[in-house]
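Student: Turn this into a model:
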Amino acid sequence: MTASYMTEERRMIQAQAREFTLREVLPVANKLDPEKGDIPMALREKMAAMGYFGILIDEEYGGLGLGVFEYCLVTEELARGWMSVASIIARANNLPGIERLSKERQREIMPKVARGEWLGAFAMSEPNAGSDISNISCRARRDGDSWVIHGNKYWCTFADGADYLVVLARTSPPPPGKKHKGLSAFMIPKKRGELPPGIHGAPIPKIGYYGWKTWELAFDECRVPADAMLGDEGEGFYLATQGLEKARAHTAARAIGLARGALEDSIAYANTREQFGSAIGKFQAIRFKIAQMATEVEAARQLNYFVCTQIDSGGRCDLEASMTKLFATEMAERVTSEGLQIHGGAGYTTLHAAERYWRDARLTKIFEGTSEIQLKIISDRLLGK
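Tutor: Next up is the predicted model:
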């Protein structure tokens, strides 16, 4: 079935990304993930040279001008090495807000984005607002020619390393029955390695997703100019939710890459690890595990290829995007868990990537809408609300 989707150009993109990951990403991940280290700038520069920050950016701005299909092909390969590396390219290719800037400002910024020189972070979630965006309580009030932001944000990954923050805050009370109204988005440029004036924070202690830090932020009278608002006042909800199909396909691709890593490492381990006088790959129990793992990985890949094709053709696929996100992420947790089981005690150490794939796969069921949110979306479409 893959052949029906894969052109010669796509095969070349996939092969290049696979070779790049095995040569450049995997060794770095194997060294730094156990140390909870950050993605090195040298690796980011190599990714930029490959064009990975500009996959979806138009050629007129220095990007590759490719589609979501190619974006997810590269994502899967990078995630096979380190999920954080597969995630950082979204900070250029699919972070909401830039398209709301003026054409003049886009012409100034987009070439830097395509080169990976200007990356962003999204401050949307809060301690009491995750998937329920309309429950955001962070406030922004108008004060002359400025907006003053006050409140707390949670789960802002890359807040320190980004060159700007996109912040969602409530600028007016919502009308009755329309809680999603009254939210606005702001772009706050900042120095890389620092937080903007009026914002304080600390990294959240995570069980995985190493390679970069995820922050809890406190906005304490953070003042931004009026022209920092992205789009129209009160329409921030739509900015935050646009492109969800693309984001869910990207998360599915990350999950598939993690599962592939677990599968490929398990095959290699099963062929070399001996017990009872034989390689464990000779045991039927292990062979059947690997067969099941491989089948699930390929099924998820085919579903995501379909969704990517639909997105690129302009067809509606919100239902299918939720299905691919749900199926791929649930699959990834199962497959990476089986991969750890095949490694036995060795899998429960940081000496093998098996535990890294397992930890990171677990997160894919949570971000970009939990599995439970996807089930609600799917059932609402099939049965009505």
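
Student: quick one: least confident helix or strand in the protein?
Tutor: Taking mean pLDDT, DSSP states H and E as the measure, the helix or strand of the chain with the lowest value is helix 236-241, at a mean of 89.

Student: Got the domain ranges for the protein?
Tutor: Under automatic domain parsing, the residue ranges defining each domain of the chain are 2-114, 120-237, 241-383.

Student: Dump those to a markdown table, plus mean neighbour count.
Tutor: Just so you know, the C-beta spots here come from the backbone N, C-alpha and C atoms, and that holds for glycine as well. Output for these, formatted as a markdown table (neighbours: other C-beta atoms under 10 Å):
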| stretch | mean neighbour count |
| --- | --- |
| domain 2-114 | 19 |
| domain 120-237 | 18 |
| domain 241-383 | 20 |
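
Student: that older thread, quick check: next helix or strand after the least confident helix or strand of the chain?
Tutor: Scanning the chain past helix 236-241 towards its C-terminal end, the next helix or strand to appear is helix 244-272 (assignment: DSSP states H and E).

Student: shaky segments in this protein?
Tutor: 1-3 (pLDDT under 70).

Student: Point to the residue nearest the middle of it.
Tutor: Per C-alpha atoms, centre = their mean, the C-alpha nearest to the average position across the chain is that of S87, at 4.2 Å.

Student: what residues are up against that residue?
Tutor: Residues near S87 by C-beta atoms under 8 Å, 6 or more residues apart in numbering: 157, 254.

Student: element containing it, please.
Tutor: With elements delineated by DSSP H and E, S87 resides in helix 83-88, which encompasses its position.

Student: Need the CA coordinates for that helix. PDB is fine.
Tutor: As requested, C-alpha coordinates have been extracted for helix 83-88 and formatted as PDB (Å, rounded to 0.1, in the frame of the first residue of the first chain):
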ATOM      1  CA  MET A  83      11.300  12.700  19.700                       C
ATOM      2  CA  SER A  84      12.400  16.200  20.900                       C
ATOM      3  CA  VAL A  85      14.300  16.600  17.600                       C
ATOM      4  CA  ALA A  86      11.200  15.600  15.700                       C
ATOM      5  CA  SER A  87       9.200  18.200  17.700                       C
ATOM      6  CA  ILE A  88      11.500  21.200  17.400                       C
END
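
Student: The helix or strand following it - contacts with which helices or strands?
Tutor: Using DSSP H and E, the helix or strand that directly follows helix 83-88 along the chain is helix 90-93. On a contact count with 3 or more C-beta pairs under 8 Å, 6 or more residues apart in numbering; DSSP states H and E, helix 90-93 meets strand 120-123.

Student: mind listing what the strand it packs on pairs with, with the direction of each?
Tutor: Here strand 120-123 has these sheet partners by DSSP bridges: strand 164-170 (parallel).

Student: Now tell me what touches the strand it pairs with from outside.
Tutor: The set of residues external to strand 164-170 that reach it, using C-beta under 8 Å, 6+ apart, is 95-97, 118, 120-124, 133, 136-140, 149, 151, 153, 156, 159, 182-190, 196, 199, 219, 230, 236, 239-240.
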